[in-house]
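Asks: Return atomic coordinates for the entry below.
(one chain, ligands or ions: 1)
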Amino acid sequence: MNNEQLYKTATLLLTESKGILAADQSINTMNKQLEGIGATPDPETRRLYRQLLFTTPGIEKYVTGIILYDATIRNHTDDGTAFVDFLIAKGIVPIIKVDKSTVPLDGFPGEVVTEGLDGLRERLDEYYKMGARAAKWRAVISIGDGLPTHDSIKLNCLLLARYARLCHEAGIVPIVEPEVLYEGAHDIARAAEVTTLTLKTLFAVLQQYRVDLKAVILKTSMVLSGNKNPKQSTPEEVAEATLKVLQDCVPSEVAGVVFLSGGQSPEQATANFNAIGKLEKANGKLPWKLAFSFSRGIEQPVQEAWKGKAENVPAAQKILVEVFERNCKADQGAL
Ligand code: 13P
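Replies: Below you'll find the predicted structure:
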C-alpha cells in the first residue's frame, strides 16, 4: 500500500509550535464535566460546548487537529454546518476516537483492557468518508501493588497494533495512546520503569505486526510521580525522566510524540511540557516532533469561564486562546 498520504497527514499534525486538542470526552465524561460547572448535561449543551471550542477565532493558529467523539463528528454548528466540514475549512484535521473505552480484564484484578475492534474496519471507512484523517485508541495502564502485569500490557499493545493496521488500511493515521495513569502513590522511578516496559512492549508488537511507524503518532503520559506521592516531581525532573524514557523506547521512524495531561492541573501540565521543550532545546534535536494533545489540561479553565451560559462564550474563548498560546510557547520551552 502507498502510505505517502498518511505521511503527509502525520507531518501536518506535527507542525512546529502547534498542538492537538483532545475534545473527545465520552458522553458520560462530558456530562460529569458539565455538571461540575453547573450546566445541563444534555445533547444540546454538549453541542454548544464543542461549538464554543471549534468556533474560537484563530483556533487554527494553535491546533493542527482536534480529536472528536462519535456523537461530535456527526454534529454541527448553529447554522447546520457539520463540525467536520467547519474544521476542514480551517485547515484542521478531524481526528476520531475509535476505541469503546475500557472494561475490567477478567483474571487480572485491577487491570483493564480497551474494547472496540469489532466492526472497526467499517467504522473507519465511514469516518474517512466523513472527513476524518486520523484516529485515537487509548489503552490504560495502572501502577499499584503488583501492577501492572506484563501480560495485560501485552494484550493492550496487541489491540493497539491491530487498530493501527486497520487505520492504515482505511487511509487514517493512528494515534496510539498507552496511558500510564498518574493516579497512585508511586515515585517517578517507578513511573519511568512502567512507562519504559509499556513503550518497549508497544513498539515490539507494532513492529511484529508490520505497522509502518512513519505513519504512527504516539500519545503518551509524561513520566512523573503519582498524584498521591507526597514528593511531587519538579518540571525539571519530569522533563529529564520523560525524555530519557522516550529516547530509550521510541524508534526514530515514529512520526511524532504527543502528550496527554492525564489529570495534572493545567498549570502543571504546561510547566512540565515547557521544561520538556527547554531540555529538548538544550540537548539538541530529537528524532521525532513533540507536541501537546491535552484535554483537561486545556479545557478545564475554559469550562470554568463558560459555566454553560451563552453570555460567557466570548470570555471562555479568550481563555482558550490564552491557554493555547501558553502551550504553543511551552512547545518551544519559551515560557
Ligand atoms: P487528558 O489531557 O485530559 O489526559 O486527555 C487526553 C486524552 O486524550 C485522554 O485520552
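Asks: which stretches of the chain have low pLDDT?
Replies: Across the chain, residues meeting the criterion (pLDDT under 70) sit at 1.
Asks: Which positions in it make contact with the ligand?
Replies: Contact residues, the chain versus the ligand (CB under 6 Å from any ligand atom): 22, 138, 177, 260-262, 294-297. Where C-beta positions appear, they are placed from N, C-alpha and C, glycine not excepted.
Asks: 8 Å - rerun?
Replies: Within reach of the ligand by CB under 8 Å from any ligand atom, the chain has these residues: 22, 24, 67, 97, 136, 138, 177, 179, 219, 221, 260-263, 269, 293-299.
Asks: Okay, strands next: where are they in the stretch 1-150 of the chain?
Replies: Along the stretch 1-150 of the chain, counting by DSSP state E, counting those that start in this stretch, strands occupy 19-23, 63-68, 93-97, 102-104, 112-114, 134-141.
Asks: mind checking which of the ones you listed is nearest Leu155?
Replies: Smallest distance to Leu155 across those (CB to CB): 5.9 Å, for strand 112-114.
Asks: Determine the set of other helices and strands touching that closest one.
Replies: strand 102-104, strand 134-141, helix 150-169 (3 or more CB pairs under 8 Å, 6 or more residues apart in numbering; DSSP states H and E).
Asks: possible to save the strands of the stretch 1-150 of the chain as a markdown table with distance to Glu325 and mean neighbour count?
Replies: A markdown table is the format used below for these (distance: least, CB to CB, whole Å; neighbours: other CB atoms under 10 Å):
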| stretch | distance to Glu325 | mean neighbour count |
| --- | --- | --- |
| strand 19-23 | 11 | 26 |
| strand 63-68 | 12 | 26 |
| strand 93-97 | 21 | 25 |
| strand 102-104 | 34 | 12 |
| strand 112-114 | 33 | 19 |
| strand 134-141 | 24 | 24 |
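Asks: Among these, which comes closest to Pro230?
Replies: strand 134-141 (22.8 Å).
Asks: And that closest one, how far out from the chain middle?
Replies: 8 Å (CA atoms, centre = their mean, to the nearest Å).
Asks: Provide a list of residues in contact with whatever residue of the stretch 51-200 of the chain ends up closest to the ligand.
Replies: At 4.3 Å from the ligand, Arg138 is the closest residue in the stretch 51-200 of the chain, using CB to the nearest ligand atom. Counting by CB atoms under 8 Å, 6 or more residues apart in numbering, Arg138 touches 97, 99, 114, 177-179, 219.
Asks: Cross these against helices and list the overlap.
Replies: Using DSSP state H, no member of the contacts of Arg138 sits in helices.
Asks: Done for today, thanks.
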